[in-house]
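S.K.: Here is my input; please provide its structure:
(chains A and B, ligands or ions: 2)
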Amino acid sequence: MAQRPNGEMVSEIFFLRGILETGAPQIDRTLALIPLNAAQAWFKMGESVTDIVIRASSHEDTASPLQRFNQALSGDDYEILAWQDLDPMVRQWLEFSDAYGLIIILVVVALVLTEILNTMLIALYERQKELGIMIAIGTRKSQIFFMLLIEAVILILLGGALGYGVGGLLVLHLSDSGIDLSYFANAFKFFYMDPVILPLLTLDSATRILGTTLVAALLAGLYPAWRATKIEISQSLRTF
Amino acid sequence: MIQPDNSSAIITVKKLHKCYWVGSMPFPALNGVNLSIDRGEFAVLAGRSGSGKSTLLNVIGALESADNGEVIVNGENILGMNHTERTLFRLHNIGFVFQSYNLIRVLSARENIAYVCQLQGMEKKESEGNADHWLNEVDMGHLGYRRPDQLSGGQQQRVAVARALATNPKIVLADEPTANLDTKTGQKLMCLLQQLNDKFGTTFLISSHDPDVKNAASRLIKLADGQVVRKWEKIPPTTPPLSKACPIKNLPFTQRVRQFLRDKRKRSSQKDKKGPTPRRS
Ligand SMILES: Nc1ncnc2c1ncn2[C@@H]1O[C@H](COP(=O)(O)OP(=O)(O)OP(=O)(O)O)[C@@H](O)[C@H]1O
Ligand SMILES: [Mg+2]
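M.R.: Ligands and ions are numbered 1, 2, ... in the order given. The predicted structure is shown next:
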């Protein structure tokens, strides 16, 4: 049952050809799709259309097409909206996802900091004697400091390369099939989301995370390196 | 730079005091040590356990500071130096030989020696050449590629000796270098040290309980309760170089002096045929 533009109520019978699941039950319960020409005939609208959807190559590239359409069609009786304004909810979800990503990065940084700090401090304790020997035979404090800092960076670069290698392979492997979370489909029902997640590794995200971890590694390396310069040689060499 | 009163003395220690503190409990380790050691000497520090030998070596080697007194090593006042100055002083003046060898375990024998040379500013290639030279000098040329844990104690100590001498130090300080070695290996090591002392004129100051080490001394200093209690007069500086086989190394000190005098008489009778033995210092 539907209402024509002139207000007339009409009804029609259609054959069910298939069931479309958007993942959102509210939408699925109220929405039915019919072919465009069937709709035009049913509503007596001839060739006219009410809505036109234009897809940009990326969801972020909407500003300039929007501006061009606004210029070209100004004065006419069109309403031109970007998806952000059409559905503010989706925008909010995306912002939420960005914030979520940031939190994950912060967690990673905290992990790296504690992990490096822990590893280096244990190593420092084990290497107390070795560093004592190095200082005794003439290695300067600054040389010890930078040696340990460089070690921390090498550690994180190797770890980063390994992590990105494994991660990259995994993404490559899953880029077609995706990660199927339909087992948790109930959880996704509220999120207008496809339960199959397609992983995507961009250079931007890779450099951002690797850069952040590198800075974190340097920060975490500073303290042990500084501690190493405070080693009391005579104590670490008491056996002489 | 403070000039030593006696220009032939390379180490001068005056009224040296040092006390360790454990909490608020003082443990006096050195109680007014007075000492003077000449260039090219092969001096041995003796004394019972806890008499302060290691502490004295540590202070002379600029590894530790002291509370009071004066320590002049190679014309420089050690006690007035800051941390960096002391590190550089050690690098350029002192070679250390430790009881427990103290090689860097992740580096090969050759790299251990090359490392100190590089610290002194040598290029990598040159330092490796120098390391090979010193490995040969201590008869370890064939094992230079091995890491310390792949070497016996005696071999490690030879590498440590090579490392100590590779920087061309004025003084080698050795704290109980034979304590972890069996008698035979210890004797061989002492022989090596004496040969190096003869050949390069490097001053050696060695602490030890080992009678073999004491017998090898050109000067014996005995410590007790942080003080020098006895000093043997050194053999005159014209000491003949000990032969490669160290034939007199096992004789007690007094017998060595007698043998030295016998040798000297013999040599002076032969002096017309042979010139004096050249000696570097
Ligand atoms: N870090 C320290 N804290 C407190 N006391 C110390 C410390 N190091 C050494 N001592 C004390 O200083 C004194 C001299 O010690 P030192 O190690 O110089 O003796 P030593 O003659 O080398 O003995 P050994 O022959 O056993 O090696 C000892 O009484 C020792 O207990
Ligand atoms: Mg000792």
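S.K.: And chain A, split by domain according to the record?
M.R.: A:1-50, A:54-86, A:88-238 (automatic domain parsing).
S.K.: and among those, the most buried is which?
M.R.: domain A:88-238 (a mean of 15; mean count of other Cβ atoms under 10 Å in any protein chain shown). Every residue, glycine included, has its C-beta placed from N, CA and C.
S.K.: What's the mean pLDDT across that domain?
M.R.: Averaging pLDDT along domain A:88-238 gives 83.
S.K.: and if you look at stretch B:153-162?
M.R.: If you average the pLDDT values across stretch B:153-162, you get 94.
S.K.: Using CSV, write out every CA atom in that stretch.
M.R.: The C-alpha trace of stretch B:153-162 is given here as CSV (Å, rounded to 0.1, in the frame of the first residue of the first chain):
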residue,chain,number,x,y,z
GLY,B,153,90.0,-19.9,32.4
GLY,B,154,93.7,-19.6,31.5
GLN,B,155,92.9,-18.7,27.9
GLN,B,156,90.4,-16.1,29.0
GLN,B,157,93.0,-14.6,31.3
ARG,B,158,95.5,-14.4,28.5
VAL,B,159,92.9,-12.5,26.4
ALA,B,160,92.3,-10.2,29.3
VAL,B,161,96.0,-9.5,29.5
ALA,B,162,96.1,-8.8,25.8
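S.K.: wait, what's in contact with residue B:105?
M.R.: A:130, B:147, B:148, B:149 (Cβ atoms under 8 Å, 6 or more residues apart in numbering or on different chains).
S.K.: For the stretch 1-150 of chain B, which residue gets nearest to chain A?
M.R.: Residue of the stretch 1-150 of chain B nearest chain A, by Cβ to the nearest Cβ: residue B:91 (2.9 Å).
S.K.: Against residue B:121, how distant is that residue?
M.R.: 10 Å (Cβ to Cβ, to the nearest Å).
S.K.: When those two are compared, which one has more neighbours?
M.R.: Using other Cβ atoms under 10 Å in any protein chain shown as the criterion, residue B:91 and residue B:121 rank with residue B:91 on top: 19 against 9.
S.K.: Can you point out the buried residues in the host helix or strand of that one?
M.R.: Assigned by DSSP states H and E, residue B:91 falls within helix B:83-93. For helix B:83-93, burial by neighbour count (16 or more other Cβ atoms under 10 Å in any protein chain shown) applies to B:86, B:87, B:88, B:89, B:90, B:91, B:93.
S.K.: list the contacts for the last one?
M.R.: Shown in contact with residue B:93 (Cβ under 8 Å, 6+ apart): B:73, B:74, B:76, B:169, B:170, B:171.
S.K.: what's the answer for the third one, then?
M.R.: When contacts are counted by Cβ under 8 Å, 6+ apart, residue B:88 touches A:138, A:140.
S.K.: Residue 59 is in what secondary structure piece?
M.R.: No chain in the question, so chain A it is. Applying DSSP H and E, one finds residue A:59 in no helix or strand.
S.K.: Wait, chain B was what I had in mind.
M.R.: Residue-wise, residue B:59 maps onto helix B:53-60 under DSSP H and E.
S.K.: do the same with residue A:227
M.R.: helix A:203-229.
S.K.: what's the angle between that helix and helix B:83-93?
M.R.: 80 degrees (axes from the mean of the first three to the mean of the last three Cα atoms, to 10 degrees).
S.K.: Tell me who's in contact with residue 145.
M.R.: All of this refers to chain A. Listed by Cβ under 8 Å, 6+ apart, the contact set of residue A:145 reads A:225, A:226, A:228, A:229.
S.K.: The intended chain is chain B.
M.R.: Residues counted as contacts of residue B:145 (Cβ under 8 Å, 6+ apart) are B:108, B:109, B:110.
S.K.: Not counting sequence-adjacent ones, nearest residue to the last one?
M.R.: To tie it back to what came earlier, the one meant is residue B:110. residue B:144 (3.8 Å; Cβ to Cβ, 6 or more residues apart in numbering or on different chains).
S.K.: and what of residue B:53?
M.R.: residue B:207 (3.9 Å).
S.K.: beta partners of the one you found?
M.R.: residue B:45, residue B:175 (DSSP bridges).
S.K.: now residue 146, what's its secondary structure?
M.R.: Defaulting to chain A. Recorded secondary structure, residue A:146: helix (DSSP: H, G, I helix; E, B strand; the rest coil).
S.K.: wrong chain, I was asking about chain B
M.R.: Applying three-state DSSP: residue B:146 is coil.
S.K.: Please enumerate the helices of the chain.
M.R.: No chain in the question, so chain A it is. Assigned by DSSP state H, the helices in chain A fall at A:25-30, A:36-42, A:63-72, A:83-86, A:88-126, A:128-136, A:141-177, A:185-188, A:203-229, A:233-236.
S.K.: you looked at the wrong chain, it should be chain B
M.R.: Ranges of helices in chain B, per DSSP H, are B:53-60, B:83-93, B:109-119, B:124-137, B:153-166, B:183-200, B:211-215, B:253-270.
S.K.: Identify the residue nearest residue B:231 in space, chain neighbours excluded?
M.R.: According to Cβ to Cβ, 6+ apart, the nearest residue to residue B:231 is residue B:221 (5.3 Å).
S.K.: Would you confirm that the one you found contacts residue B:35?
M.R.: Yes. Counting by Cβ atoms under 8 Å, residue B:35 is a contact partner of residue B:221 at 6.4 Å.
S.K.: intersection of neighbour lists for these two?
M.R.: Shared contacts of residue B:221 and residue B:35, counting by Cβ under 8 Å, 6+ apart, come down to residue B:228.
S.K.: which residue does chain A bring closest to chain B?
M.R.: Closest point on chain A to chain B, by Cβ to the nearest Cβ, is residue A:138, at 2.9 Å.
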